[in-house]
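K.L.:
Mind looking at a prediction? Sequence and model below.
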2 protein chains.
Amino acid sequence: MSLKDEALSLGKTAKAASRSLARLSSTVKNRALAAMAEDIERQSEFLLKENKKDVDQAVKVKLSSALVDRITLNPSRIQGMAKGLRDVAALPDPVGEVIKMWRRPNGLQVGRMRIPLGVIAIIYEARPNVTADAAALCVKSGNAVILRGGSEAHHSNRAIGAVLQEACASAGVPEGALQVAESKDRGLVHELLQLEDYIDLVIPRGGEELIRAVAQNSRIPVIKHYKGVCHVYVDDEASLNMAEKISLNAKVQRPGVCNAMETLLVHKAVAKDFLPPAIAKLRAAGVEVRGCDATQKLVPGVKPATEEDWSAEYLDLILAVRVVKDMDAAIEHIERYGSQHTESIITANYTKAREFLDRVDSSVVLVNASTRFNDGGELGLGAEMGISTSKIHAFGPMGLEELTTTKFIVFGDGQIRE
Amino acid sequence: MSLKDEALSLGKTAKAASRSLARLSSTVKNRALAAMAEDIERQSEFLLKENKKDVDQAVKVKLSSALVDRITLNPSRIQGMAKGLRDVAALPDPVGEVIKMWRRPNGLQVGRMRIPLGVIAIIYEARPNVTADAAALCVKSGNAVILRGGSEAHHSNRAIGAVLQEACASAGVPEGALQVAESKDRGLVHELLQLEDYIDLVIPRGGEELIRAVAQNSRIPVIKHYKGVCHVYVDDEASLNMAEKISLNAKVQRPGVCNAMETLLVHKAVAKDFLPPAIAKLRAAGVEVRGCDATQKLVPGVKPATEEDWSAEYLDLILAVRVVKDMDAAIEHIERYGSQHTESIITANYTKAREFLDRVDSSVVLVNASTRFNDGGELGLGAEMGISTSKIHAFGPMGLEELTTTKFIVFGDGQIRE
């Protein structure tokens, strides 16, 4: 079968399944999710065996140890997948919700009802648990899903897909609701991206290169999840104790993720009191600090930050620090170097808190809280499909609701237009 | 200036303006809209003079009379533009609305606040009033707009743009919030569609060819407004009197628009009673009827409908009629030939009304009402930017809210992630 034919078959099968999937009751969907969780646990030996093929191959071709770690499954990670599936089962079903209803002067009653998008393609890299996470969210939101993972986790993704498919079928979810692309050829992604008549949305998850390649080649709408260059701004009216705790948490609690702080901005009036002890604590936690001139003067041994540092997404124990004149300068810095992902202000001043929330154009803007809260679970959306930095359709963490759209439903009793 | 440079200048200017525009108070925006309406009226002679250049040229190159009519301005159409601007001023400002707010177990208060998308490019054809309508919605929703109308209305669009720009400036709206592309070269559209860093959304308005060309060449998200092949299904439990009134209204009240009925589906049990008198009324209103075999047998002189008729968007006084076995068959017909735009069921049966609303996958689904109600104004959204048949971001009529997105705002008091 040619790549084009394989893509077309995936698309057509998904589209056909999406019709009945859209009308599936929450009961059936939740039963499927429970069966998926159970089977993932029950088949863990099979999954580990298939995963070992990928890991052995990765070691053989000398992939980085970080990458090998990311594709490796172990009993606790398998447990994590099962838990994720059960967590999604416990969330409310978004489909059929009427988010608003009103009456028109002519008596028409108009409502907006949530419906699934239809068919979603997820293009991802490395971590095989995405297969289960993405499948869970799509099944629950009534969308058919085409999963295309990285070739380095090919056997793992195929095995997880097979287990999930069987569980779905046993629970009465239509065949074709969940498909894992077979071919390892990269050309398949390109073919999938042309199928605008069969696929409604593409979500790439992975490095910037993957996301750009998908966005540039797709004829289907793409929701992008670009990098997070997240800022904490410590205002002159901040509680310095709070600012220190939040800065430390935002940087070191999990440095390798997109909502970790990459640049710390500090009002000049408190820099002298705040920076030396804060940087000492950050360093004690293993953080390398790169600072502006003022920071270097205040704290011995700080390396100079270059222009590149201001827009760097380190995803590592490195932090850029800049002393700024005031909040305006902080916001200007964020507009210039930020990625519209997550920014936090630490202040006790009511007016500045309001102004920061209003002016900063990022998917999540916080007052007196860690940037690490930009996460679907932490913000209360339940599970998430990633964090969108596109403004169209979804901006910020994407939960189940963001995998739906609304149609208008209209109840009349004979109304015609005059 | 090359086309690329012209596009880039439009994009950069708009992006720069979008920052302050996003923070503009409703008072200033409404003042601007009032000034725009007033100046459109005050400058009507200038607008008519410029419009005459386009009309003369159109006549000279022998454009169709329908097209000449569409580009022609007259005092009543100018009045219509002014009224449209005032109507938008009277609508509530969507920006800053917190659509939802909740508290997390750790005390974080999380809200979703409406914000403008940023920069919107509108690519349209023929009717110069789109220039004013689109400008109004964009200003009110805090978006910068780049307007690119058809070359056949070049002078008109430029004149309207100039008048609106001056009114905006006088009211304190930042320069660059509203721009009309100067070049008549088609290549400019292509260049604009590459500017993903400066333009957030593209909305093409016009024929299918224009929309496809934009969608295929754009690196920016596009919201499509494809054709409307709208259906009315007359159930066996319909009030035939109501069904007749609605069918007549849906077909003839304004046949040239996307929410007019193109195909009438009739349950076989009522076809004999319903079709002869209904078709007689339709014919009396000038409608040509093309029918399936059963329809032809019931009503003498009905032309046979071909396969193409079932998916035709006539936009004219032509109607395809098909007798179907039951509601399932009607829904299957709609799934196969419809355009996910607008469908209506006429029935007195509660269960079927509910099922039709649930199962039909169109942007607006109605019970006992005319398809002509798929319209932002009629459904209560105020003005509209068109009717989206894409499911991503907006599905159905696009009002002011659909020109916004939401960001998460988070109020904390020192929360960190454990």
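P.N.:
Looks like it arrived, so ask away. Numbers count the residues shown, from 1 in each chain, chains lettered A, B, ... in the order given.
K.L.:
Could you check how far the nearest residue to A:Trp310 once chain neighbours are set aside is from B:Lys15?
P.N.:
In space, and not counting its chain neighbours, A:Trp310 is closest to A:Tyr337: 4.3 Å by CB to CB, 6 or more residues apart in numbering or on different chains. Using the backbone N, CA and C atoms, a C-beta is placed for each residue, glycine as well. Note on A:Tyr337: its distance to B:Lys15, by CB to CB, to the nearest Å, is 16 Å.
K.L.:
ok, now A:Ala132?
P.N.:
For A:Ala132, the distance to B:Lys15 (CB to CB) stands at 40 Å.
K.L.:
So these two - more neighbours on which side?
P.N.:
In this view A:Ala132 and B:Lys15 are compared by other CB atoms under 10 Å in any protein chain shown, and A:Ala132 has more residues nearby, 24 against 18.
K.L.:
which residues sit in contact with the more buried one?
P.N.:
Under the criterion of CB atoms under 8 Å, 6 or more residues apart in numbering or on different chains, the contact partners of A:Ala132 comprise A:Met36, A:Ile40, A:Met81, A:Gly84, A:Leu85, A:Ile160, A:Leu164.
K.L.:
Kindly identify which of these also come near chain B.
P.N.:
Near chain B, taking CB under 8 Å from any CB of the partner chain as the test, no member of the contacts of A:Ala132 is found.
K.L.:
so who does A:Ala135 touch?
P.N.:
For A:Ala135, the contacting residues are A:Met36, A:Val145, A:Leu147, A:Gly161, A:Leu164, A:Leu178, by CB under 8 Å, 6+ apart.
K.L.:
Got the domain ranges for chain A?
P.N.:
Structurally, chain A divides into domains by automatic domain parsing as follows: A:3-223+A:398-411, A:230-378.
K.L.:
Can you add mean pLDDT and give the ones you listed back as a markdown table?
P.N.:
Conversion of the domains of chain A to a markdown table gives the following (pLDDT from 0 to 100):
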| stretch | mean pLDDT |
| --- | --- |
| domain A:3-223+A:398-411 | 95 |
| domain A:230-378 | 97 |
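K.L.:
Please verify my assumption that the residue nearest to A:Trp310 contacts A:Asp309.
P.N.:
No. Contact criterion CB atoms under 8 Å: A:Tyr337 and A:Asp309 do not qualify, at 9.2 Å.
K.L.:
Not counting sequence-adjacent ones, nearest residue to A:His267?
P.N.:
In space, and not counting its chain neighbours, A:His267 is closest to A:Asp236: 4.0 Å by CB to CB, 6+ apart.
K.L.:
does chain B sit close to the lengthiest strand in chain A?
P.N.:
In chain A, ranked by residue count with DSSP state E as the criterion, the top strand is strand A:404-415. Yes. With CB under 8 Å from any CB as the criterion, chain B is reached by strand A:404-415 at A:Thr405, A:Thr406, A:Lys407, A:Phe408, A:Ile409, A:Val410, A:Phe411, A:Gly412, A:Asp413, A:Gly414, A:Gln415.
K.L.:
Just the buried residues of those residues.
P.N.:
Neighbour-count burial (16 or more other CB atoms under 10 Å in any protein chain shown) is assigned, among the residues of strand A:404-415 next to chain B, to A:Thr405, A:Thr406, A:Lys407, A:Phe408, A:Ile409, A:Val410, A:Phe411, A:Gly412, A:Gly414, A:Gln415.
K.L.:
Just flag the most distant two among those.
P.N.:
Of all pairs drawn from those, the one with the largest separation by CB to CB is A:Thr405 and A:Gly414; the distance is 28.9 Å.
K.L.:
Okay, buried residues for stretch A:211-225 please.
P.N.:
For stretch A:211-225, burial by neighbour count (16+ other CB under 10 Å) applies to A:Ile211, A:Ala213, A:Val214, A:Ala215, A:Ser218, A:Arg219, A:Ile220, A:Pro221, A:Val222, A:Ile223, A:Lys224, A:His225.
K.L.:
how far does that stretch sit from the chain's center?
P.N.:
Averaging C-alpha coordinates over stretch A:211-225 and over its chain gives two centres that are 15 Å apart (CA atoms, centre = their mean, to the nearest Å).
K.L.:
Kindly format the C-alpha coordinates of that stretch as CSV.
P.N.:
Coordinates of each C-alpha in stretch A:211-225 appear next as CSV, following Å, rounded to 0.1, in the frame of the first residue of the first chain:
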residue,chain,number,x,y,z
ILE,A,211,5.7,21.6,15.1
ARG,A,212,7.0,24.0,12.4
ALA,A,213,7.3,21.2,9.9
VAL,A,214,3.7,20.1,10.6
ALA,A,215,2.4,23.7,10.5
GLN,A,216,4.1,24.5,7.3
ASN,A,217,2.9,21.4,5.4
SER,A,218,-0.6,21.1,6.7
ARG,A,219,-3.8,21.9,4.8
ILE,A,220,-5.7,21.1,7.9
PRO,A,221,-5.9,23.5,10.9
VAL,A,222,-3.0,23.0,13.3
ILE,A,223,-3.0,23.9,17.0
LYS,A,224,0.6,24.6,17.9
HIS,A,225,2.4,24.1,21.2
